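Asks: structure for this input, please:
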Amino acid sequence: MQPKAPMQPKAAMHTKAHPNAPLDERITGALVGAAVGDALGGPVEGYSPEQILERHGGRVHGVVGPWHGDDWCTARPLAPYHKGDGHVTDDTLMTHALVRVYARVRDHLDAYAIADHLVPDLMTEPRWIPELETEALPLQRIFLAEKWLVARIHYGHADPREAGTGNIVNCGAAMYMAPVGLVNAADPRAAYAEALDIAGAHQSSYGREAAGVLAAAVAAACAPGATPDSVVSECLSLGKDGTRAAIERVCEEASRHTDFESALRPLREAVAPYDTVGPDYRSPSLGARRPSRLHAIEELPVALGMLVVARGDYRQAVLGAVNYGRDCDSIATMAGALAGALGSPVPEDWAKTVAEASRLDLWEPAATLSAVAREIFGRDVSRRRAHEQAFASLGGPACSD
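Replies: Numbers count the residues shown, from 1 in each chain. Reported below is the predicted structural model:
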């Protein structure tokens with residue numbers, strides 16, 4: 001079960017991160033940063049920047065309450081979820097679930113690991129669900145696109161590598177892929193390949209592609225001396241089709257701005273040709289979320305764009321993502337993971353509030369993944385050396401130490 005007592009930031013969180021932050025700090029920054037972004041974006045998810053401005057009498061600058069106040073438990077379309085007041089959403093629940101899979105397997109993952117470990121975790125292990133304010137199966141909280149994992153793999157007995165085919169194409173897989181990038185820290189190409197394999201169980205088309213590129217972006221952000229521009233460059237070198245085009249267009253526009261307020265509308269206009277949902281987020285277009293090589297999810301390009309606008313600063317990247325509206329909890333989750341992995345510190349007051357309100361230890365998954373990442377790297381080194389020796393024995397060039 002998840003702990004119910006309020007959680008306090010670990011001592012490491014009081015150390016100001018920097019561009020050459022060590023691995024443990026980057027993993028902590030990315031995972032805590034993702035959860036905090038998720039919690040800040042949750043209460044304004046689905047609304048436009050103009051609606052957010054009117055509802056809050058200005059921009060959101062931190063943790064806010066539910067959109068409908070005390071009527072959150074009955075007001076549609078968000079009922080019965082208590083979004084706001086520092087509660088994380090399904091983005092964080094899925095991220096932590098993936099960390100638990102890494103903790104069990106203690107090696108690189110593939111679609112079969114999702115079938116063997118993630119699916120049972122979602123459907124058999126009750127956990128504290130902040131938005132429901134009770135213990136429940138994660139399956140009872142996650143969105144339909146994530147319930148697809150259980151329906152297709154457990155009940156439908158689909159090949160895990162192909163189970164994502166037929167699901168709506170959205171950001172469902174990308175939103176929890178940060179751990180893949182962290183396990184493959186500073187190796188974007190490996191992160192991209194691993195995430196694509198994992199995401200095959202959940203998504204297809206540009207939803208699967210976004211999962212690969214987000215993992216690559218987080219891995220790139222972990223590289224010593226990484227910058228928002230270097231992260232975007234790695235995304236463009238690996239991304240395919242509409243995903244690559246959308247990232248290029250949005251980040252090109254983002255480079256013209258230095259504050260998120262001026263960037264809100266231009267970034268939406270830049271991503272609109274690639275987004276299938278359409279201008280009214282709550283009334284998707286007929287072609288919404290269908291497979292295509294020409295389109296992209298909205299969330300990843302905008303998260304990267306806000307990272308560029310903020311010059312890598314965590315607070316500004318996340319606030320830009322939150323005030324963008326639409327699927328802003330997922331956008332802020334991605335922006336928070338990227339800024340945290342770059343070494344920009346997560347505001348301690350935000351992290352403390354979210355941990356206490358959600359009644360979750362936001363630092364334990366980071367500590368777990370840090371240990372697992374080191375184990376996996378050790379295995380990678382051993383496997384690589386064995387391959388080098390085998391290749392040399394075949395007459396290939398021997399590698400010098």
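Asks: what mean pLDDT does stretch 328-343 have?
Replies: The average pLDDT within stretch 328-343 is 98.
Asks: centre of the chain to that stretch, how far?
Replies: On the basis of Cα atoms, centre = their mean, to the nearest Å, stretch 328-343 sits 7 Å off its chain's mean C-alpha point.
Asks: for the stretch 101-250 of the chain, what spans make up the strands?
Replies: Secondary structure of the stretch 101-250 of the chain by DSSP state E, counting those that start in this stretch: the strands cover 127-129, 134-136.
Asks: contacting residues around the nearest residue to I52 once chain neighbours are set aside?
Replies: Distances taken as Cβ to Cβ, 6 or more residues apart in numbering place V44 nearest to I52, at 5.0 Å, with adjacent residues excluded. All C-beta atoms are positioned from the backbone trio N, CA, C, and that covers glycine. With contacts taken as Cβ atoms under 8 Å, 6 or more residues apart in numbering, V44 has the following neighbours: 52, 55-56, 60, 64, 67, 322-323, 325, 328.
Asks: recalculate using a threshold of 7 Å.
Replies: Applying Cβ atoms under 7 Å, 6 or more residues apart in numbering to V44 gives the contacts 52, 60, 67, 322, 325, 328.
Asks: can you count the residues close to the last one?
Replies: Yep, that's C328 we're talking about. A count of neighbours around C328, defined by other Cβ atoms under 10 Å, yields 32.
Asks: how near is it to A310?
Replies: Separation of C328 from A310 (Cβ to Cβ, to the nearest Å): 15 Å.
Asks: one more: the first one?
Replies: When distance is defined by Cβ to Cβ, I52 is 18 Å away from A310.
Asks: buried ones in the lengthiest helix in the chain?
Replies: Ranked by residue count and defined by DSSP state H, the top helix of the chain is helix 364-393. By neighbour count on 16 or more other Cβ atoms under 10 Å, the buried set for helix 364-393 is 364-370, 372-373, 376, 380.
Asks: turn those into TSV, including pLDDT and distance to T95.
Replies: Formatted as TSV, the buried residues of helix 364-393 follow (pLDDT from 0 to 100; distance: Cβ to Cβ, whole Å):
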residue	pLDDT	distance to T95
E364	98	13
P365	98	8
A366	98	11
A367	98	15
T368	98	12
L369	98	10
S370	98	15
V372	98	14
A373	98	15
I376	98	18
D380	98	23
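Asks: I'd like those residues as TSV, with distance to A339 appended.
Replies: Formatted as TSV, these follow (distance: Cβ to Cβ, whole Å):
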residue	distance to A339
E364	21
P365	18
A366	15
A367	20
T368	21
L369	18
S370	18
V372	23
A373	19
I376	24
D380	27
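Asks: nearest to D38, of the residues you listed?
Replies: Lowest distance from D38 to the buried residues of helix 364-393 (Cβ to Cβ) belongs to P365, with 13.1 Å.
Asks: residue contacts, the closest one?
Replies: By Cβ under 7 Å, 6+ apart, the contact set of P365 is 31, 96, 99.
Asks: is S358 in contact with T89, as I believe?
Replies: No: using Cβ atoms under 7 Å, S358 is not in contact with T89, being 9.7 Å away.
Asks: surely R161 touches A113?
Replies: No: counting by Cβ under 7 Å, R161 does not reach A113; the two are 11.4 Å apart.
Asks: compare those two (neighbour count), which wins?
Replies: A113 (20 against 16).
Asks: number of nearby residues for the spatially closest residue to the more buried one that is not a sequence neighbour?
Replies: Distances taken as Cβ to Cβ, 6+ apart put V105 closest to A113, at 5.5 Å, once the chain neighbours are dropped. Neighbours of V105 under the rule other Cβ under 10 Å: 15.
Asks: was I right to think V105 contacts Y112?
Replies: No: here V105 lies out of contact with Y112, judged by Cβ under 7 Å, at a distance of 10.1 Å.
Asks: just put the contacts of P365 in a markdown table and tack on distance to V218, pLDDT and neighbour count.
Replies: As requested, the contacts of P365 are arranged in a markdown table below (distance: Cβ to Cβ, whole Å; pLDDT from 0 to 100; neighbours: other Cβ atoms under 10 Å):
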| residue | distance to V218 | pLDDT | neighbour count |
| --- | --- | --- | --- |
| L31 | 10 | 98 | 31 |
| H96 | 16 | 98 | 26 |
| V99 | 13 | 98 | 23 |
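Asks: closest to E348 among those?
Replies: L31 (15.3 Å).
Asks: middle-most residue in the chain, spatially?
Replies: Centroid-nearest residue in the chain: M175, 3.5 Å away (criterion: Cα atoms, centre = their mean).
Asks: OK, contacts around the closest residue to H154 other than its chain neighbours?
Replies: Closest residue to H154 apart from its sequence neighbours, by Cβ to Cβ, 6+ apart: V119 at 5.4 Å. Counting by Cβ under 7 Å, 6+ apart, V119 touches 149-150, 153-154.
Asks: of those, which is the most crowded?
Replies: L149 (28 neighbours).
Asks: go ahead and confirm that one touches H202.
Replies: Yes: using Cβ under 7 Å, L149 is in contact with H202, at 5.6 Å.
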